[in-house]
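Chemist: The following comprises the amino acid sequence and a computationally predicted model.
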Amino acid sequence: MFTRVHLLTALTLLSLAAPAAAQETKVPYWASIRSEEVNMRVGPAEEYQIAWVYRRPQLPLKVLRMKDGWRLVQDPDGAKGWMNQRFLTRQRTGYVVGKEPADMRQAGEAGAKLLWRIAPGNVGLLGDCDAGWCQFELGKRKGYVEQARLWGAGEP
């Protein structure tokens, strides 16, 4: 009986800790779009007007605020609005910025072999960043891109 009481107490404490841990997430932080289509709203509820409709899975977003199950986010163009958290993931992605294509290199240095040139607006998976270069995966293409050319890399 004594063991059951301890087990029940431990399970109760764990169930209370999960929601508390979710609230401890510090903002801002990076997220990305999980779905094929998601609405950005002007407020944190489905009753609010839709400001934008996104059809860009993996598009990185900066989460600025949290309210219940909603996140105030900013996209690479600076647009801000609210998205339901179920359409977001913590998977790190990068969005190629600038007016010219970004170089993808074999190693994280300017003199490394050029593998591809990536047009601005492309979105890929983001790996570790070090010394101003980030591992970047765009489809089957893998290499390193300058961190300054990727929105979603570095501190939010």
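Modeler: It's in.

Chemist: Pick out the residue closest to the middle of the chain.
Modeler: Most central in the chain under C-alpha atoms, centre = their mean is Ala31, positioned 2.1 Å from the mean C-alpha point.

Chemist: Mind checking what secondary structure that residue has?
Modeler: Three-state assignment for Ala31 (DSSP: H, G, I helix; E, B strand; the rest coil): strand.

Chemist: Contact partners for it?
Modeler: Shown in contact with Ala31 (C-beta atoms under 8 Å, 6 or more residues apart in numbering): 60-63, 71, 73, 88-90. Where C-beta positions appear, they are placed from N, C-alpha and C, glycine not excepted.

Chemist: Then Arg65?
Modeler: 27, 71-72.

Chemist: pLDDT averaged over the one helix or strand it maps to, what's the number?
Modeler: In this assignment (DSSP states H and E), Arg65 forms part of strand 60-67. This predicted structure assigns strand 60-67 an average pLDDT of 98.

Chemist: What of stretch 99-119?
Modeler: Across stretch 99-119, the per-residue pLDDT values average to 98.

Chemist: for the contacts of Ala31, which one is nearest Ala102?
Modeler: Among the contacts of Ala31, Pro60 lies closest to Ala102 (C-beta to C-beta), at 14.7 Å.
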